[in-house]
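[1] fold the following, please.
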Amino acid sequence: MRGPSVIVMVVWAMSTEAAGVDTTLPPTAAPVTPFSYHGCLTEPSKSMKWCDSTMTHADRIDELLNQMTLEEKVGLLSPNVKLGDMCNDHTQGVPRLGVPPYMWLVETNTAVASACLPSNKCAITFNGPLGMGASFNRSSWALKGHVLGTELRAFNNIGWHRQTGGGVNNIGLTGFGPNINNPRDPRFGRLSELPSEDPYHAGHYAVEMLRGMQEEDANGHPLMISFLKHFTAYSMETNRMHSDFNISMFDLFDSFLPQYEIAFKEGGAMGVMCSYDAENGRPSCANDYLLRTVLRERWGQTDAFVSTDCGVVHNLLGSPVNAVDNITASAYAINNGTDLEMGTDYVYNSLGLAVATGMVEESTVTEAARRTLVPLFKTGLYDPLDDVAWTTIGADVVASTQHLAIRDEAAVQSFVLLKNEATMLPLAPGIKIAVIGPIGIAHDLFSSYVGDAPCPGIPPKTKHGSARLMNCTTTVVDAIRDVNIGGVTTNATGCTISGTSAADIDAAVAIASRADVVVLALGIDRTVEHEGIDRTSLRLPGHQEELALAIYALKKPTVLILSNGGPVAIDNIQADARAIVEVFSPGFGSPMLARTLFGLENRWGKLPYTMYGQDYINEVNFSNYDMAKSPGRTYRYYTGTPLYPYGAGLSYTNFTLQCKGGSSTQSPMEFFCTLTNTGSAAGDEVVQVFHEAGTAIRAAAAAAQHPVPIRALVEFDRVSLQPGQTATLNFTLPEVAFALVTTDGNSTVYPGDRSIVFSRGNGVDVVVPVTL
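    This is a model prediction of the structure:
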């Protein structure tokens, strides 16, 4: 998308001193804004060979590196504290050669992390990634990526900035996100940042977001460059700076790496932020096997850029590495595959000495510097402005009508109907409704890493929400009141989300007693689960269960609304709810939720994770990464009975599904399904396709001493149908859909019988036996 206005940018110009051989830093005072990190637009750099846009980017990068000193190359790999907050990672550039400084850290998981514009327009914030994943809608994911990429490009064009940290925090053309870690354990504090527990599902979510974010103009310049988070196996906050987990080759390549491989090979990812944890004694950010052998060699991603998370090089001074000093820590990181240090300046201050003493080869520094330059060249930061179509995008695209519509369309597909006894839903307007519970009046129902400023005027750097003012969102109760035309909508909280007082429960019960229907809105928010904090229980915190039981005692028709990141265990409160709706982290989505509750929309999603019972956490060791160890983790290995399984979800209408195919004994295999809306309402349905290995294959795998998933997602599709309408769905399954990961981390296709299972997340699955 291109804005109508042409942007006049102020570019970084060299000082007189910098035009010579002086390699000192540029002035620490703020550059004149708008400042957009563009180079090669002023003399004398404009005339330098590395700025010759008729040459390939690779040749220009070689030319630039050949002109740089060791110290200048080191300056590209580590923040300079004089330029701003070190976690935001301001690298100094090369003043002598006209290479501008650059700020690397802009989060792009649910929004472009940025300050709101003077017009009070703020970057579009989507509902949390779990809700996005629940939609199973590739088009929606790509549109989300397009919105983020377009708005980030607009912010860069006008020289806009983040609302965090000190110094000049102007937004560049790189972003960190999506985050596609495997949410191995439901207690993980950052689960709200993730789209799915299934690697295939999460990988294709990333593929589509990347295609939207990195859409290219006619000259191959992407809107932006996206780096994935957090590589890899990051799923525990406790002791995260020095945690070290034993992870088998099987589990690495079966559960923790596939989503990243998919994102690189099919989505064009160009880099990653490595994670805080260590695998098998080697920290992710100093793990030669993961960063070089797997990422750059096995997957063929030679130029893949790797940034540390904030403060990781400092962490190498502790376990499991226990580096003796900053020089050793810097050498350990750079020698084992990291390119950019974030959060500390150990590399900046000591890497030159590490080279001088033989701990690091200068060629290693040069290659790391090359990988930091590749994405910046790719975006067109060093090309003529007229060669980059996206430089005409203006501030008018930020929170535009179209972008708001894309956000709302994503939200309406994100909710999951788990229970609907006696067609409790949809509600009829014009009735007395009591909205009870703390989620009903909450404004901050965002996932973690929501962005710097979802609403105008909020204070900066209050990451977890407790001090933020989010009153630009519509609460659940207000959204219901708006749709309940001709009726009466009342509300009471009854208790807070995690408080210790039950004093208000009686008042809430009294209000509920006068209603025809109760909407019980419960859950957790970012004060309960967030970066740095894992949950210790899956049950609702505080007095929420007590509130629910008191409401149920009224025997009123009750709809239970759950808002949360990680799954909550509702063992004690599900039976008496006539309907249960999971909304995850809806953000601005409450109006779409209200429309859905009243039947104005019927666009439900499916669960992107397993909802376990409350005792599950007593059956698994949080720090154990063996996915198949009894009772197993995620739907792929869990042998128990969940409260609700991965992929579950109902609708207001009825569908029938028939499938056939797989007649060939070789891959790829073709399958054809007909999906018919046999109900009286228009609606969406998701068809999930799973591979289930047969008995003989499982016996062969047991002999080879590796686990086999109970079932594994290999495809999916989402369809909208009018009453009576039929759609034909075609699924082509390549060889990889039938492959199993072996003990050594390789994959093989065992010959024999298996089943391809087509599921709607409710009703009877369609099973098609096939033989390879």
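
[2] ok, longest helix in the chain?
    helix 138-157 (DSSP state H).

[3] which secondary structure elements does that one contact?
    helix 129-134, helix 199-213, helix 401-412 (3 or more CB pairs under 8 Å, 6 or more residues apart in numbering; DSSP states H and E). All C-beta spots, glycine's among them, are computed from the backbone N, C-alpha and C.

[4] relative to Ala331, which of these is closest?
    Closest of these to Ala331 is helix 199-213, at 32.0 Å (criterion: CB to CB).

[5] buried residues, that closest one. List them.
    Across helix 199-213, burial judged by 16 or more other CB atoms under 10 Å covers 199-213.

[6] now stretch 713-732
    Within stretch 713-732, the residues that qualify as buried by neighbour count (16+ other CB under 10 Å) are 713-719, 721, 727, 729, 731.

[7] tabulate those residues (a markdown table), appending pLDDT, distance to Asp478 and secondary structure.
    Output for the buried residues of stretch 713-732, formatted as a markdown table (pLDDT from 0 to 100; distance: CB to CB, whole Å; DSSP: H, G, I helix; E, B strand; the rest coil):
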| residue | pLDDT | distance to Asp478 | secondary structure |
| --- | --- | --- | --- |
| Leu713 | 98 | 37 | strand |
| Val714 | 98 | 42 | strand |
| Glu715 | 98 | 40 | strand |
| Phe716 | 98 | 34 | strand |
| Asp717 | 98 | 35 | strand |
| Arg718 | 98 | 30 | strand |
| Val719 | 98 | 33 | strand |
| Leu721 | 98 | 32 | strand |
| Ala727 | 98 | 37 | strand |
| Leu729 | 98 | 39 | strand |
| Phe731 | 98 | 42 | strand |
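
[8] looking at the residues you listed, which two lie furthest apart in space?
    Val714 and Leu721 (23.3 Å).

[9] the helices and strands packed on helix 138-157: which one's closest to Val313?
    Of the helices and strands packed on helix 138-157, nearest to Val313 by CB to CB is helix 199-213, at 26.4 Å.

[10] what mean pLDDT does the closest one have?
    Mean pLDDT, helix 199-213: 98.

[11] quick one on the thing from earlier: turn the buried residues of stretch 713-732 into JSON lines, including distance to Val483.
    Shown next, in JSON lines, are the buried residues of stretch 713-732 (distance: CB to CB, whole Å):
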{"residue": "Leu713", "distance to Val483": "35"}
{"residue": "Val714", "distance to Val483": "39"}
{"residue": "Glu715", "distance to Val483": "36"}
{"residue": "Phe716", "distance to Val483": "31"}
{"residue": "Asp717", "distance to Val483": "30"}
{"residue": "Arg718", "distance to Val483": "25"}
{"residue": "Val719", "distance to Val483": "26"}
{"residue": "Leu721", "distance to Val483": "24"}
{"residue": "Ala727", "distance to Val483": "29"}
{"residue": "Leu729", "distance to Val483": "33"}
{"residue": "Phe731", "distance to Val483": "37"}
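
[12] tell me how many other residues surround the residue nearest to Leu721 when sequence neighbours are not counted.
    The shortest distance from Leu721 to any non-neighbouring residue, by CB to CB, 6 or more residues apart in numbering, is to Asn677 (3.9 Å). The number of residues packed near Asn677 is 24, by other CB atoms under 10 Å.

[13] wait, doesn't Asn677 sit right on Asp684?
    No: look at Asn677 against Asp684 with CB atoms under 8 Å: they stay out of range, at 9.7 Å.

[14] pull up the overlap in contacts between the two.
    Counting by CB atoms under 8 Å, 6 or more residues apart in numbering, the contacts common to Asn677 and Asp684 are Leu721.

[15] follow-up on the earlier one: ok, the residue nearest to Leu721 to Gly649 distance?
    Counting by CB to CB, to the nearest Å, the gap from Asn677 to Gly649 is 15 Å.

[16] next one: Tyr200
    With CB to CB as the criterion, Tyr200 and Gly649 are 18 Å apart.

[17] cool, Ile480 as well?
    Distance, Ile480 to Gly649, using CB to CB: 21 Å.

[18] more neighbours: the two, which one.
    Ile480 (28 against 22).

[19] how about the more buried one, secondary structure?
    helix (DSSP: H, G, I helix; E, B strand; the rest coil).

[20] please begin residue numbering at 731 from this point
    That works, and once the first residue is 731, the last one we named lands at Ile1210.

[21] residue contacts, it?
    1163, 1165, 1219, 1249, 1324, 1327.

[22] which of those ranks first by neighbour count?
    Val1165 (30 neighbours).

[23] so that one, which of the three states?
    strand.

[24] that one contacts Val1207, doesn't it?
    Yes: taking CB under 8 Å as the definition, Val1165 is a contact partner of Val1207 at 4.1 Å.

[25] what touches both of these two?
    With CB under 8 Å, 6+ apart as the test, Val1165 and Val1207 both reach 1219, 1221, 1251.

[26] now Val937. Nearest residue, chain neighbours left out?
    Gly997 (3.6 Å).

[27] ok, that neighbour - contacts?
    936-941.

[28] just the pLDDT for it.
    98.

[29] tell me how far it lies from Gln989.
    10 Å.

[30] which neighbours do these two share?
    Common neighbours of Gly997 and Gln989 are listed as Ala936 (criterion: CB under 8 Å, 6+ apart).

[31] for the nearest residue to Gly1424 once chain neighbours are set aside, list each beta-bridge partner.
    Nearest non-adjacent residue to Gly1424, counting by CB to CB, 6+ apart: Asp1483, 3.8 Å away. Bridge pairing for Asp1483 (DSSP bridges) gives the partners Thr1501.

[32] what's near enough to touch Asp1483?
    By CB under 8 Å, 6+ apart, the neighbours of Asp1483 are 1424-1427, 1499-1501.

[33] just give me the closest of those residues to Leu1387.
    Among the contacts of Asp1483, and counting by CB to CB, the member closest to Leu1387 is Pro1499, at 16.7 Å.

[34] quick one, strands of the stretch 1381-1502 of the chain?
    Using DSSP state E, counting those that start in this stretch, the strands of the stretch 1381-1502 of the chain run over residues 1385-1391, 1399-1407, 1413-1423, 1442-1451, 1456-1463, 1470-1471, 1477-1478, 1483-1489, 1496-1501.

[35] okay, angle between the second one and strand 1442-1451 too, please.
    It refers to strand 1399-1407. 40 degrees (axes from the mean of the first three to the mean of the last three CA atoms, to 10 degrees).

[36] what bits of the chain have low per-residue confidence?
    731-764, 895-897, 1188-1199 (pLDDT under 70).
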